[in-house]
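Engineer: The following comprises the amino acid sequence and a computationally predicted model.
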Amino acid sequence: MPDVRVPGFLGRVLADHDDPVGTCFHVAPGVVVTACHVLAEIDAAQLDAQVLLDPLAGGAPFQASVARLDPLHDLAVLVVAQEPGFAEVSGPLAASDGVALREPVRVTGHPLVYEPGHAYRYLDAPGTWAGGSVRDGEVGLGRLISDQVLKGMSGAPVLRESDGAVLGVASGRYNTPDGWLAGTVWV
């Protein structure tokens, strides 16, 4: 039975039928987005690769095909041929450049929680928009602050709390060796 607390547009990218490696989301009928590095973890970061997905709220796995890859920006687009796949489509896409500092945001995805004997299907991670940056002089990034975005949540949408608009894709956490930028999530 699907968990009604989880939006029907969220999914998991699977290495096999019960081995999730990341998160994805349904942006238009038959079109799914995730982070490119999630597909690379399962050797599927190539055009036309077949990828197994399932709804984050629970449900049967289904196939998708890799349609576009942008490793530089850590984005991947997949297409789903069969229905039903996801029960819903995400909210509108919004430009992150105009998001106000400290705007409340949320990332919901599949977490890898290290608690022996237990598995967690999803986790909500509230956060705060923290502006942006440019990596290596060529990649514009958004940034949010949350100490609750975990491994496995890469590929999840970053949602603005006020209207559910998608501001970007969770690409990675900055694991600080010196305490600076703690809780930073790149978008």
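Structural biologist: Alright, I've got the coordinates. Residues are numbered from 1 along each chain as shown.
Engineer: CA atoms for contacts and neighbours, from now on please.
Structural biologist: Will do.
Engineer: Find out how far the helix or strand of the chain at the bottom of the mean pLDDT ranking is from the centre of the chain, if you would.
Structural biologist: Lowest by mean pLDDT, DSSP states H and E among the helices and strands of the chain is strand 172-173, with a mean of 90. Distance of strand 172-173 from the chain centroid (C-alpha atoms, centre = their mean, to the nearest Å) equals 11 Å.
Engineer: now the helices: where do they sit in the chain?
Structural biologist: All helices of the chain, identified by DSSP state H, fall at 36-41.
Engineer: That one: strands as residue ranges?
Structural biologist: 10-14, 20-28, 31-34, 50-55, 62-70, 75-79, 104-109, 123-135, 139-145, 157-160, 166-169, 172-173, 184-186 (DSSP state E).
Engineer: OK, contacts around the residue nearest the centre of the chain?
Structural biologist: Nearest to the geometric centre of the chain sits Ala156, at 1.4 Å (C-alpha atoms, centre = their mean). By C-alpha atoms under 8 Å, 6 or more residues apart in numbering, the residues touching Ala156 are Leu10, Gly22, Thr23, Cys24, Phe25, Thr34, Ala35, Val107, Thr108, Gly109, Val169, Ala170.
Engineer: Just give me the closest of those residues to Leu75.
Structural biologist: Within the contacts of Ala156, proximity to Leu75 (C-alpha to C-alpha) peaks at Ala35, which comes in at 4.6 Å.
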